[in-house]
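Asks: here is my input; please provide its structure:
(one chain, ligands or ions: 1)
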Amino acid sequence: MDAQTPPRSRKSDFRTTIFRIMLLISMLICAGFAPVNWIAGRIDYALIETVMALYCLVALRLLPHRRHLQSLFGLYLILLFSVIIYGIARVPPQDSHGNWLLLIPAFSYLLLGRRHGRLYTAIFLTIALSILLFRWQTETGFTHLSVANTLMSSLTIWLVIDVFERQRINMTIELEDAASRDPLTGLFNRLHLKEALKRLQASATPGTPFALVLFDLDHFKKVNDQYGHPVGDAVLKHFAQQLQSSVRNSDLAFRIGGEEFSLLLPNTDSKGALKVANKIRQGFSRTPYQHNQCTIPVTVSGGIANWPEQEPQSPNLYECADRRLYLAKTSGRDRIINRDPPQSPANSTPKPSPTA
Ligand SMILES: Nc1nc2c(ncn2[C@@H]2O[C@H](COP(=O)(O)OP(=O)(O)OP(=O)(O)O)[C@@H](O)[C@H]2O)c(=O)[nH]1
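Replies: Numbering: from 1, shown residues only. Model (predicted):
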């Protein structure tokens, strides 16, 4: 269970689109070349191309189901590279078949990403170049220049694609991280809370409880009104730092709105979450933000909901924590509440809650 990871981009979506184009082009080329090779007497080559064209047809039909995508990609590359390598081994020396080698790094990285792309390229390019070098040594008709061109161009493309792919991955990670963070405090944002909560709920078992804590700074409007917005911002950052430094590495801290914060505590029951939340509340009261030798006292209220918990009237964990936060506010602030009051739920008037 990994709630830390920021929401991933839809990697397989762009790969599926590229794959569809590759399949269409490969199918047309193989279906076109197969009869030509058959007529020229290269029956074996014609048969391999026919198999490739048929595979492309089947893969195009399977693609919309989006199952076993990695296997479809892998098998396609193995077949395609086999056709190319078979050509390298069979065609006359003066043929420009070596140009097709450029497809090996390009297609491998595009479909499989850096790690597997590198592996496929290393294996297939090594086989193809070894065959080419062997034929150059043992057969007449190969010019030094054509062999050197094939060698240099395929290795150059491999190097450039590898560097490009590394930059692309880093950039994607940076963008995904920025999209999941609050710019003022650097904490995760509401969007990421939604994702992390969904992931925790999907992977949680009765033996692995987790807690959601919602915090809201008390009378924060007064801070802005009295000291100005920049000081208000500094107070928010001060609380964010305290929040972040008070939890374990596996816990997640969020700023979900103006002066609203949240914690997701994996493997934590209601009692444990109450202890953590009270430690944060008390720590924040004890160490208020200092502005120009002036202390700005601010307190914080909180509501806790736990999974799994018998909460028939509130299957939504966020709503449950929000209802308890509202209770903490209405019952005097500067407190954390982790259960509903004993009276009938019909008497309570829960505040309409935003969804996370
Ligand atoms: N400085 C600063 N203030 C913000 C930011 N976002 C929201 N606020 C302010 O936070 C205040 C929230 O006020 P209210 O919702 O009335 O809540 P409160 O004054 O904290 O009162 P209670 O929550 O009932 O204790 C408003 O004045 C907002 O302008 C921000 O990014 N920076």
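Asks: quick one: residue 211 is in a helix?
Replies: No - secondary structure of residue 211 (DSSP: H, G, I helix; E, B strand; the rest coil): strand, not part of a helix.
Asks: at the contact with the ligand, which residues of the stretch 51-200 of the chain appear?
Replies: residue 184 (CB under 6 Å from any ligand atom). Where you see a C-beta, it was placed from the backbone N, CA and C, and this is true even at glycine.
Asks: poorly predicted segments of the stretch 51-200 of the chain, please.
Replies: Scanning the stretch 51-200 of the chain for pLDDT under 70 picks out 94.
Asks: what about the helices in the stretch 51-200 of the chain?
Replies: With DSSP state H, counting those that start in this stretch applied, the stretch 51-200 of the chain shows helices at 69-90, 103-138, 144-179, 190-203, listed in chain order.
Asks: just put those in TSV and tack on mean neighbour count.
Replies: Below are these laid out as TSV (neighbours: other CB atoms under 10 Å):
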stretch	mean neighbour count
helix 69-90	18
helix 103-138	18
helix 144-179	14
helix 190-203	18
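Asks: got TSV for these, with distance to residue 308 too?
Replies: What follows is those, written out as TSV (distance: least, CB to CB, whole Å):
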stretch	distance to residue 308
helix 69-90	34
helix 103-138	37
helix 144-179	30
helix 190-203	10
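Asks: from what I can see residue 80 touches residue 107, true?
Replies: Yes - with contact defined as CB atoms under 8 Å, residue 80 and residue 107 form a contacting pair (6.9 Å).
Asks: send me stretch 175-189 as PDB with only the CA atoms.
Replies: Output of stretch 175-189 as PDB, limited to C-alpha atoms (Å, rounded to 0.1, in the frame of the first residue of the first chain):
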ATOM      1  CA  LEU A 175       5.200  18.100 -13.100                       C
ATOM      2  CA  GLU A 176       3.200  15.400 -11.200                       C
ATOM      3  CA  ASP A 177       4.800  16.500  -7.900                       C
ATOM      4  CA  ALA A 178       3.900  20.200  -8.600                       C
ATOM      5  CA  ALA A 179       0.300  19.200  -9.400                       C
ATOM      6  CA  SER A 180      -0.100  17.400  -6.100                       C
ATOM      7  CA  ARG A 181       1.400  20.100  -3.900                       C
ATOM      8  CA  ASP A 182       0.200  23.300  -2.200                       C
ATOM      9  CA  PRO A 183       2.500  26.100  -3.400                       C
ATOM     10  CA  LEU A 184       2.400  28.100  -0.100                       C
ATOM     11  CA  THR A 185       3.300  25.300   2.300                       C
ATOM     12  CA  GLY A 186       4.700  22.600   0.100                       C
ATOM     13  CA  LEU A 187       2.300  20.100   1.600                       C
ATOM     14  CA  PHE A 188       0.300  17.800  -0.600                       C
ATOM     15  CA  ASN A 189      -3.000  19.400  -1.800                       C
END
